[in-house]
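Trainee: Return atomic coordinates for the entry below.
(one chain, ligands or ions: 2)
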Amino acid sequence: MAELPTKYPDPVKIAVIGGTGIQALPGFTPIATVNPLTPWGYPSSPISILTHNNTPIAFLSRHGLHHQYAPHEVPNQANIAALRSLGVRCVIAFSAVGSLQEEIKPRDFVVPDQVFDRTKGIRPFTFFEKGVVGHVGFADPFDAKIAKLISECGHALAGEGVKMHDQGTLVCMEGPQFSTRFESSYYRSLGCSVINMSALPEAKLAREAEIAYQMICMATDYDCWHSTEDVDVAMVMGHMKANGENAKRLVGAVLDALTREENGELVDGRHLGGSTTGMIKFMTKGEARGEVGKKNIEFLFPGVWE
Ligand SMILES: CSC[C@H]1O[C@H](OP(=O)(O)O)[C@H](O)[C@@H]1O
Ligand SMILES: Nc1ncnc2[nH]cnc12
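Mentor: Ligands and ions are numbered 1, 2, ... in the order given. Got it, this is the predicted structure:
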């Protein structure tokens, strides 16, 4: 097979981040493979550029092409910065999650609208440091407009066995060990819906980078609160594999919708435009800004300091 180009000249606005069990997007035509170096290093995998409805789509494997990065090792800053540098303004991120509610059955999909941050502060979690301070709103950590579109796609596939839950609170724990039974019951008592180890800081960094971001969760287990078996890796992988066709159908439908002209503004992330670049200029005063911090932000937002 001919080698694919390692550069792609045009902006790629839409990206899919694949999680556990989704290291590639089969069925889409690859047209390039790029590996942008960012101030935070290289992304967790080279980024495939695929076409769908004549629109380029970037695909990045969160844990690397061979699942070599543990959740706390994923280079989230490099991942989001690399996508941003390609022109990405809209991310659909897949995640395998444990279900904390009886009605969310293994293989069901959930479009979460809230997050409970149970990471431990050991993962690099912001672009705003090293002499450039910034604070973005994160009251609604996901993108309601993309969520609505994904929900509609999921419900339209109900006849093909896709079960979609339109909202839910996602616990993002540190891992890599799974939760204790007490923790699992505690999250349930708070009304949380699902649990993973990957939503954060990915979603926070996307918000800082003015990228519209929505996670699609697929339940793979009932964690350890349920009277059935406790979660283990084989269970997660088994459900991911068995439901691969549904995941593929759902991605196809979502990308069909996102590449429709009427969703152009959403895909451009127009509703987030300026939320970071406007804000950072108010914070650290010009002469006090650190050179490294400034350069980093310049990578995300070329020309921002001019
Ligand atoms: C293999 S079970 C735990 C692992 O699965 C999820 O990965 P991802 O969110 O990338 O699909 C979870 O977050 C953990 O990283
Ligand atoms: N039970 C669980 N806890 C955390 N992350 C998960 N990913 C899949 N199942 C999970």
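Trainee: Closest approach to ligand 1 from the stretch 1-150 of the chain, which residue is it?
Mentor: Of all residues in the stretch 1-150 of the chain, Gly19 sits closest to ligand 1, at 2.4 Å by Cβ to the nearest ligand atom. Glycine gets a C-beta too; all of them are placed from N, C-alpha and C.
Trainee: My read is that that residue contacts Asn79, right?
Mentor: No. Applying Cβ atoms under 8 Å, one finds Gly19 not in contact with Asn79, separated by 11.9 Å.
Trainee: what's the helix or strand Val251 falls within packed up against?
Mentor: Using DSSP states H and E, the element containing Val251 is helix 244-258. Applying 3 or more Cβ pairs under 8 Å, 6 or more residues apart in numbering; DSSP states H and E, one finds that helix 244-258 contacts strand 14-18, strand 47-52, strand 90-99, helix 144-156, strand 212-221.
Trainee: Could you identify the helix or strand that succeeds that helix?
Mentor: According to DSSP H and E, the helix or strand after helix 244-258 is helix 264-267.
Trainee: In that next one, which residues are buried?
Mentor: By neighbour count with 16 or more other Cβ atoms under 10 Å, helix 264-267 contains the buried residues 266-267.
Trainee: ditto for stretch 39-57
Mentor: Under 16+ other Cβ under 10 Å, the buried positions of stretch 39-57 are 39-40, 43-50, 52, 56-57.
Trainee: how far is it from where the chain is centred?
Mentor: 13 Å (Cα atoms, centre = their mean, to the nearest Å).
Trainee: can I assume Asn243 is in contact with Arg107?
Mentor: Yes. Between Asn243 and Arg107 there is a contact under Cβ under 8 Å: 4.4 Å.
Trainee: Which one's more surrounded, these two?
Mentor: With neighbours defined as other Cβ atoms under 10 Å, Asn243 and Arg107 compare such that Asn243 has more, 22 against 18.
Trainee: how far away is the more buried one from Gly18?
Mentor: Per Cβ to Cβ, to the nearest Å, Asn243 is found 14 Å from Gly18.
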